[in-house]
Each structure stands twice: as C-alpha cells, then as structure tokens.
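Trainee: I need the structure of the sequence given here:
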Amino acid sequence: MARLNKTWKTEAQEIALAAELHSILGISHRQAKGLVDSGCVQVNGTEAHSYGLRLKAGDSIAVTFDSARAYQALPKPRKALDEAGFKVLFEDHHLVFVDKPAGLLTVPAEKGQENNLAEALTDHYRRRGFKRVQLFVVHRLDRFTSGVLVFAKTPEALHGLKTAFGAHKLQRVYKAILVGELPENAGTLLGHLVERKDLRMAVVQPKKDEHKGAKAAVTHYRVLERLPGFTVVEVKLETGRRNQIRVQFADRGFPLLGDQVYGEKSELLDRQALHAEILGFRHPVTDEPITVTSPLPSDMEEALKALRTQRRVERAEAGIQGEAGIYKPKITKGRKLERVRRAQRYAGEDSVPTELPPSRRSRPEEPRSERKYSQTPGEGRPAGGAKTRPSADRRPARPVRRSAETPQEPGASKPRAKEGSKPFATSRPKQGGSARPGTGPKTAKKPAKGGPAKVYTTRPKRIK
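Mentor: Residues are numbered from 1 along each chain as shown. Predicted coordinates:
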C-alpha cells in the first residue's frame, strides 16, 4: 500500500477543514472526517482534531494517507465513558489488562443504558484510530470490586484463556477487609454455591441436601494484618464463582467491610472492601509467563488508615508502647516453598525448589579428630566418605551365624576345623546328630572369651 503525501496552501477565507479536504482531494465528507480522526491532517505543522476548523487564506495543509484505505469518521464519545476512569495496565496484540474502578460494570447490563468497561475500552481504541475493534470477555468482576481484569483481542487468545480459566491454571490474588477478627491465621474455605430466587448466592452442603446447579468453590486465605474489630486478608481463588469471596466469608460470620448485600453499610467505605491485586497466567499464544498487578485504590487506603489510627489510639490509652502485640505474619521456609508451588501451577512448570528447611538439613561433618569411629590402620578412607566399623579392641566381634540351607558361593573355601575338633559330618546324620552342610540345621561360630572362635552345631528340631 502506497502512502500519499500532499501539501498545499488554502486560498479561500474562513472555510471549514473538512470542506477544504473534500474539494482538493476529491473525497467524500465522511472520508475527510476520517482523515482528521486518524491524525493524517496537519495545519501549519500541527495535527488537526476538529472537522470544522476555520482556515485562513495562506494556511499550509499537509495530508498523509493511504489511497487504498477507506477512512471513516468515528462516533462521538459519550462524556460518561470519558469519566469512567479505567487504566490500561498492559497490552499486546492478543491481550489487554485493565485496572477496573469500583462502581463500573464489566459488560453491558440486560436492561438499562449504564456505563460499562467493555464499551469504554472499545471507544478508547476507536479514538486511537482502530476501525475494527474486537474485545472478548473472559471473566468478570463485581460492580463494586476494583482491580485487574483481562480482555482477549483475538480468537486465539480467547480460546487459550478459556482453557486456562477452566483448568484453574492461573494465579488470582485479592485483598479484602473483613468485619471481625478471624481466629486462625490461614485456612481454606470449602463449599458449594447456588443461586437463590432473589439472585443472591448462598453456601449449601450437597451431601446433606441436594441442590440443582450447586458448584464447588475453593478459597485460600491468610491474614495480613489485625486491626481492632477487623482483619485484613490475602485471598487466592482456586475456583471463580460469582460473589465467591463475599458469600463464603459472610457465611462464616465475617462479611466484607461495606458489603451492603451480604453484610452491612459502613461509614468507612461505601462499597465492599475487595480488590483484585494480582492476575497471572501463561500467555495463551506465546506461552510466556505474565503477571500483572494493580495498586490498592485510594478509598481502601483511606479505610485502612482510619483503622490503623484507631488502633494507635487504643494502644496509647492502654499504655502499650512499641510494636508489642501487633500481629505480623510469619512465613516459614516450608510455607514459602508451598507458595512458590502454587504460583508455578498456573505456569505449568514441573521444576519446583526441593530445598528442605534448615531443621531438616544434614548436620555438618565433624572433624576427623572428633569422629566416633577410627579407620583401620594401613587402610585409606572408604569411597563416598563412609565410616568404618569400630576396631576389635573397642568391642568384641558379633557372632556370625551361617545358614546351612543357603548354598555356598562358588570358589569360596570351606571353613576349617580346629585341631582336636571333629570335622563336619559327611554322612547322613543320625537322629540327634550333626547335619550335612546344605541340608541340615544352621551352624555358626561362637566366640570364646580370650580365645579363637569355635565351631558348634545346633540340634535339629524333631518332627512329631
């Protein structure tokens, strides 16, 4: 496609920019407006943004455009969409991550013309010059929940994200403020969620009462901070059900701060204190790990600031100084490894750190002078650093018992009998006599105090 560059100076006085483009270039008024919206027109060296810009005689106009492309005017953006306040965190050819503000719907509602993030983002791309904008909704956030949200821009990305969300191979981390003080520091919420007739979600136990449409919900959490009458938690979703975090914590008696559906109104916050902080997964097209974070919004920061001030006042009235009594989450090395394993689940990595905590590591090797067992004189150190048996002067040798039923190894010499002692019997033994090697009872060497070992024969058991 060839790019055309054309420059001229206007002759007429007080003529509109679109009309000048229509008369000089021979294009329609719609295409002339499209050139202005696409940023292809400059007036006196400055990019023009208005169709009705009044030109003066002698103004210099420069137009750079593609003759094979049809330029059309963009629809006028609605003022409400401009005030949506969303922010693009990361984008490429296939994905776009958006920081959704609280109070904005993710997708258009069935009834009503309320503002939503999908339309605001589409209008954002159109004003940047994209003619055909396709956005595919993969997941949603509640209207009054803020945080990271991802949209797919291509069908390939949509298919890969649906597969990742369906297999739960992704990392979703939320931050929430609960009303009440949790007794434990970490745990997992298990249950099944079902939608009631009033469209609110409820926790049910399918084993006791069968409910149609009940879906399993798994939520992991850990305490980040304890405040007077409140608890700040970090939540990790394993399943993504509607209102999952709000419903499960409210069912336990710890609703979210400001949740007007499953809890009560609050003067600290006019919406539920829930923020989607981290979203990570394998890129559905390039297969590269990607993680996007969103900072805590200002309204939740103000609520936490007020609660921390209240804690300081109560501690000052009680005469408590320093950091005594302030909860600080302790993370052991084993828990760190467990968090790494959870983080790598969405990435599909098989290599997980296998280093053990310090309590299970092997003890450092003692110096040779402090070893319990000494090596045999004249012999080198055993291969692999293995320790040798204690010498004979430290403890007596254990008696070696040899089974007569076990055949002797080929090439091994038969044990010799001591002078004056009877050799092994070579004939079939009589009742109560000695046995032939290989068929009789067991024989062994019995150590004698102060002398060499003797050979003795055990009496076989009589079969009744």
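
Trainee: So what's the predicted local confidence for residue 8?
Mentor: pLDDT, residue 8: 87.

Trainee: mind checking the SS state of the nearest residue to it once chain neighbours are set aside?
Mentor: Nearest residue to residue 8 in three dimensions, chain neighbours excluded: residue 61, at 5.9 Å (Cβ to Cβ, 6 or more residues apart in numbering). (Glycine included, C-beta is placed from N, CA and C.) Here residue 61 takes the strand state, with states given by DSSP: H, G, I helix; E, B strand; the rest coil.

Trainee: was I right about residue 61 contacting residue 20?
Mentor: Yes. Using Cβ atoms under 8 Å, residue 61 is in contact with residue 20, at 6.8 Å.

Trainee: what does the lengthiest strand in the chain rub up against?
Mentor: Ordering each strand of the chain by length in residues (DSSP state E) puts strand 215-227 first. Strand 215-227 is contacted from outside by 175, 181-182, 184-194, 203, 231-239, 241, 244-245, 247-248, 304, 307-308, 310-311, 327, 329, 342, using Cβ atoms under 8 Å, 6 or more residues apart in numbering.

Trainee: Then stretch 20-39?
Mentor: Against stretch 20-39 from outside (Cβ under 8 Å, 6+ apart): 6, 8, 10, 12, 17-19, 41, 47-51, 55, 61, 63, 65, 70-74, 127, 129.

Trainee: Of those residues, just the buried ones, ChimeraX syntax please.
Mentor: In ChimeraX, this line selects whichever of the contacts of stretch 20-39 come out buried by 16 or more other Cβ atoms under 10 Å:
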select :10,17,18,41,48,51,55,61,63,65,71,73,74
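
Trainee: domains for this protein, by residue range?
Mentor: Domains of the chain are assigned by automatic domain parsing as 3-66, 79-160, 168-320.

Trainee: could I get the ones you listed as TSV with distance to residue 336?
Mentor: TSV is the format used below for the domains of the chain (distance: least, Cβ to Cβ, whole Å):
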stretch	distance to residue 336
domain 3-66	50
domain 79-160	24
domain 168-320	12
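
Trainee: out of the ones you listed, nearest to residue 333?
Mentor: domain 168-320 (15.6 Å; Cβ to Cβ).

Trainee: measure that closest one end to end?
Mentor: One end of domain 168-320 sits 46 Å from the other (Cα to Cα, to the nearest Å).

Trainee: With stretch 221-234 instead?
Mentor: 6 Å.

Trainee: sorry, back to before: could you flag which of the contacts of strand 215-227 are buried?
Mentor: For those, buried by 16+ other Cβ under 10 Å: 175, 182, 189, 191-193, 203, 231-238, 241, 244-245, 247-248, 304, 307, 311.

Trainee: that older thread, partner strands of the longest strand of the chain, parallel or antiparallel?
Mentor: Strand 215-227 sits in its sheet next to strand 186-195 (antiparallel), strand 230-237 (antiparallel), going by DSSP bridges.

Trainee: Only the buried residues of it, if you could.
Mentor: 215, 217, 218, 219, 221, 222, 223, 224, 225, 226, 227.

Trainee: ok, so of these, who is nearest residue 88?
Mentor: For the buried residues of strand 215-227, the nearest to residue 88 is residue 224 (27.9 Å; Cβ to Cβ).

Trainee: so what's that closest one scoring on pLDDT?
Mentor: 93.

Trainee: can you check residue 200 too?
Mentor: With respect to pLDDT, residue 200 scores 88.

Trainee: a helix runs through residue 132, doesn't it?
Mentor: No. Read with three-state DSSP, residue 132 is coil and lies in no helix.

Trainee: quick one: it from residue 122, how far?
Mentor: 11 Å (Cβ to Cβ, to the nearest Å).

Trainee: related to what we said a few turns ago, okay, and the common contacts of residue 61 and residue 20?
Mentor: What both residue 61 and residue 20 touch, as defined by Cβ under 8 Å, 6+ apart, is the set 10, 55.

Trainee: mind saving the C-alpha coords of stretch 97-107 as CSV?
Mentor: C-alpha atoms of stretch 97-107 as CSV (Å, rounded to 0.1, in the frame of the first residue of the first chain):
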residue,chain,number,x,y,z
PHE,A,97,-5.1,-5.8,31.1
VAL,A,98,-7.3,-3.1,32.6
ASP,A,99,-7.4,-1.6,36.1
LYS,A,100,-11.2,-1.6,36.7
PRO,A,101,-12.5,1.1,39.1
ALA,A,102,-15.2,0.3,41.6
GLY,A,103,-18.8,1.1,40.5
LEU,A,104,-18.3,0.3,36.8
LEU,A,105,-20.0,-2.7,35.2
THR,A,106,-17.7,-5.1,33.3
VAL,A,107,-20.2,-5.8,30.5
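
Trainee: For that stretch, report the contacting residues that lie outside it.
Mentor: 84-91, 114-118, 120-121, 137, 140-141, 143-151, 271, 276, 279, 292, 294, 297, 299.

Trainee: same check, this time on stretch 297-317
Mentor: If you take Cβ under 8 Å, 6+ apart as the criterion, stretch 297-317 is touched by 101-102, 146, 175, 177, 227-228, 230, 232, 257-258, 268-271, 273, 275, 325.

Trainee: So which of those residues sit within strands?
Mentor: Using DSSP E, those in strands are 146, 175, 177, 227, 230, 232, 275.

Trainee: farthest-separated two in these?
Mentor: 146 and 227 (20.3 Å).

Trainee: Give me the neighbour count for residue 320.
Mentor: Each residue near residue 320 was counted by other Cβ atoms under 10 Å, and the total is 13.

Trainee: sec struct for it, please.
Mentor: Assignment for residue 320 (three-state DSSP): coil.

Trainee: For residue 232, see how far away it is.
Mentor: Taking Cβ to Cβ, one finds residue 320 at 20 Å from residue 232.
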